[in-house]
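In: below are the sequence and a predicted model; questions follow.
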2 protein chains.
Amino acid sequence: MDPKDDKRNASRCSSPVCVHNPHLDALKDDILYHFSLGTGTHNLSAMFGDVKFVCVGGSPWRMKSFIEYIAAELSMEDPKADYPNICAGTDRYAMYKIGPVLSVSHGMGIPSIAIMLHELIKLLHHAQCTDVTIIRIGTSGGIGLEPGTVVVTKQSVDPTFLPKFEQVILGKTVVRSTDLDQSLAEELLQCSKELNQFETVIGKTMCTLDFYEGQARLDGAFCSYSEQDKRDYLNKAYEAGVCNIEMESSVFAAMCKLSGLRAAVVCVTLLDRLKGDQLNSSHEVLRDYQQRPQILVGTYIKKQLKAKAARS
Amino acid sequence: MDPKDDKRNASRCSSPVCVHNPHLDALKDDILYHFSLGTGTHNLSAMFGDVKFVCVGGSPWRMKSFIEYIAAELSMEDPKADYPNICAGTDRYAMYKIGPVLSVSHGMGIPSIAIMLHELIKLLHHAQCTDVTIIRIGTSGGIGLEPGTVVVTKQSVDPTFLPKFEQVILGKTVVRSTDLDQSLAEELLQCSKELNQFETVIGKTMCTLDFYEGQARLDGAFCSYSEQDKRDYLNKAYEAGVCNIEMESSVFAAMCKLSGLRAAVVCVTLLDRLKGDQLNSSHEVLRDYQQRPQILVGTYIKKQLKAKAARS
């Protein structure tokens, strides 16, 4: 298809991926430095124009394993293929693609995922992608949930349990919404019910800038509070509706909302923080838990593609 | 040497690595989850007890290249050795060691380096290391400096140019000092003068939570300010004494100070932000720039070890 036709169709009936930056048009080439890709060196439309689902997660190994899993689920696997890392020119992020599904790692924490999302949103925009759904599949600490429970985030909240993300721009703080797509969250929950392999709930997710002091752990290098202080804080979080704690959902929700991406956060809980801090389950148990978000999201994507094929 | 003797010596004449956490003593085993190491599974004293220099940087590839470089510099290289990744059980961080030098990657941004530092400080503490110097070798955007200039950080400042790091603990903000070791910074500057291979300066380093909007770039997915707004902000930073901008120095300075580690930040500037935003120098030029902090720090370590050998 002529890319111009694609663009016309997009403006008529599809939802494009929006950048909000008037300066981008003035750039001759756009270098996506942390992906080792660029508009001057790569035909992004040809490489990524068909992307409809983007899954992101912290660990590069997990995102490679996800693309292998989804390739098998969609019966698109090539037994000889090794699923090359599209970002092989850098060690900042890893990226894999099979058919309409893109899998990208984002490292740990808000700044790391924010760099990736800036460049991913520009990539999807340059590639003229439309109707893209993006899902973060991750790990988290649960609050009052059986370890292994999957949480689909209703809303991301900050360490004071408020649904906002603070972005510092030119030294000034701008507050952004952390709302996620409610219908997508419900569809994922429904999908999990049909799957019936593990417990899934919808709830608030607290997003922090630190794993130890920032999440009231007692086992960091520094700890100035008592076990009772910790318990009081986590109980307050529980009462505020927080189901789990992780480190990327707030900026993910904020940036996806700004760019018009349909977005969800699906994290498994590796432990119940009301009962402990250390991740001392066996490797096998933790590996099984970590596969749950990818199984749920894989099932969801398969269902969506089947429904789309039936419609056309 | 008996570890008990080592502990007695340490308390008498050497500087230990301090944790500030009364709860740690109650832990039977301490699992350093993101390193895939632990006190119950590894003999940390035997593995790390001789560490005197720790170098950290964002990229795992760069930290592997650093250990190869330092091994050659210290004439400790084994042509057959591949310098195994000590954290091979995880893809969160990479860690390499040769003699008294440890090289660890930390990913991008404050949260990512903070997780690493919590576990590194506990590791050095459990291993009963003494008199440890830690240096971050990284990349940055310069302000009013020729690209390729190396900046040794005098003080890390926030996006309002104030020398502080805000740590959120139990939902409340605690302000921590971002002072670095001034004598170490001067020694590194002196070392660069003797080396005479590239320009090195001492100055303030601004630490941000975002690479695009947070550093006044015009080329992110979102940009709500004008080129003039950007110029005004970076000029204000320049007037406040900021030489470069990166994303880890504040929490690095704060955590090293709390744990009694002698710490420095040595970053090369990849571009002059007063002249542009995109990293469009050739790969060869960028590679040459990125080697400069490792050359400077390698020379410094070699000099220190020679001086120590001469004293003993």
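Out: Sure thing, it's come through. Numbers count the residues shown, from 1 in each chain, chains lettered A, B, ... in the order given.
In: tell me the contacts of residue A:89?
Out: residue A:36 (Cβ atoms under 8 Å, 6 or more residues apart in numbering or on different chains). Any C-beta I mention is one placed from the backbone N, CA and C, and that applies to glycine too.
In: for the record, mean pLDDT for stretch A:46-58?
Out: Stretch A:46-58 shows a mean pLDDT of 98.
In: mind listing what's buried in it?
Out: Using 16 or more other Cβ atoms under 10 Å in any protein chain shown as the burial criterion, the residues of stretch A:46-58 that qualify are A:47, A:48, A:49, A:51, A:52, A:53, A:54, A:55, A:56, A:57, A:58.
In: which of these fall in helices?
Out: A:47, A:48 (DSSP state H).
In: for the buried residues of stretch A:46-58, work out which two are farthest apart.
Out: Farthest apart among these by Cβ to Cβ are A:49 and A:58. That separation is 27.0 Å.
In: can you give me the strands in the stretch 1-150 of chain A?
Out: A:31-32, A:37-38, A:53-57, A:95-98, A:101-105, A:133-142, A:150-157 (DSSP state E, counting those that start in this stretch).
In: for chain B, see how far away the closest residue to residue A:294 other than its chain neighbours is.
Out: Residue nearest to residue A:294 in three dimensions, not counting chain neighbours: residue A:66, with 4.9 Å by Cβ to Cβ, 6 or more residues apart in numbering or on different chains. In this view, residue A:66 and chain B are 13 Å apart by Cβ to the nearest Cβ, to the nearest Å.
In: do the same with residue A:42
Out: For residue A:42, the distance to chain B - Cβ to the nearest Cβ - is 15 Å.
In: burial of that residue, as a residue count?
Out: 18 (other Cβ atoms under 10 Å in any protein chain shown).
In: for stretch A:148-165, buried residues please.
Out: Those would be A:148-159, A:165, for stretch A:148-165 by 16+ other Cβ under 10 Å.
In: return the member of those nearest to chain B.
Out: Nearest to chain B out of the buried residues of stretch A:148-165 is residue A:159 (Cβ to the nearest Cβ; 4.6 Å).
In: tell me who's in contact with the residue nearest the centre of chain A.
Out: Central residue of chain A (Cα atoms, centre = their mean): residue A:136, 1.8 Å from the mean position. Residue A:136 is in contact with A:55, A:56, A:57, A:106, A:248, A:249, A:252, A:263, A:264, A:265, A:266, A:267, counting by Cβ under 8 Å, 6+ apart.
In: ok, 10 Å please
Out: A:54-58, A:106, A:113, A:153, A:180, A:205, A:246, A:248-249, A:252-253, A:256, A:263-267, A:293, A:297 (Cβ atoms under 10 Å, 6 or more residues apart in numbering or on different chains).
In: picking up where we left off before, ok now do the residue nearest to residue A:294, which residues does it touch?
Out: So residue A:66 contacts A:55-57, A:59, A:96, A:98, A:101, A:103-105, A:137, A:291, A:293-294, A:297-298 (Cβ under 10 Å, 6+ apart).
In: now, which of those sits nearest chain B?
Out: residue A:59 (5.4 Å).
In: just to check, that closest one is in contact with residue A:105?
Out: Yes: if you go by Cβ atoms under 10 Å, residue A:59 and residue A:105 touch, sitting 6.3 Å apart.
In: higher neighbour count, those two?
Out: residue A:105 (25 against 20).
In: kindly state the beta-bridge partners for the more buried one.
Out: Bridge pairing for residue A:105 (DSSP bridges) gives the partners residue A:57.
In: list the contacts of residue A:214.
Out: A:159, A:206-208, A:220, A:245, A:247, B:111, B:114-115, B:167-171.
In: give me the domain ranges for chain A.
Out: A:23-131, A:136-312 (automatic domain parsing).
In: how far away from the center of its chain is the longest one?
Out: This means domain A:136-312. 10 Å (Cα atoms, centre = their mean, to the nearest Å).
In: sorry, back to before: per-residue pLDDT of the residue nearest to residue A:294, please?
Out: 96.
In: so residue A:234 sits against residue A:243, correct?
Out: No: with contacts counted by Cβ under 10 Å, residue A:234 stays clear of residue A:243, the gap being 11.8 Å.
In: joint contacts of these two?
Out: A:143, A:144, A:206.
In: filter these by proximity to chain B?
Out: residue A:206 (Cβ under 10 Å from any Cβ of the partner chain).
In: ok, and the most crowded of the shared contacts of residue A:234 and residue A:243?
Out: Most crowded among the shared contacts of residue A:234 and residue A:243, counting by other Cβ under 10 Å, is residue A:206 at 29 neighbours.
In: any idea which element it lies in?
Out: When elements are defined using DSSP states H and E, residue A:206 is found to belong to strand A:200-207.
In: ok, back up a step: out of the buried residues of stretch A:148-165, which touch chain B?
Out: A:158, A:159.
In: mind putting the buried residues of stretch A:148-165 into TSV with pLDDT and distance to residue A:224?
Out: Output for these, formatted as TSV (pLDDT from 0 to 100; distance: Cβ to Cβ, whole Å):
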residue	pLDDT	distance to residue A:224
A:148	98	32
A:149	98	31
A:150	98	33
A:151	98	29
A:152	98	34
A:153	98	30
A:154	97	32
A:155	97	30
A:156	98	26
A:157	98	23
A:158	98	21
A:159	98	16
A:165	98	26
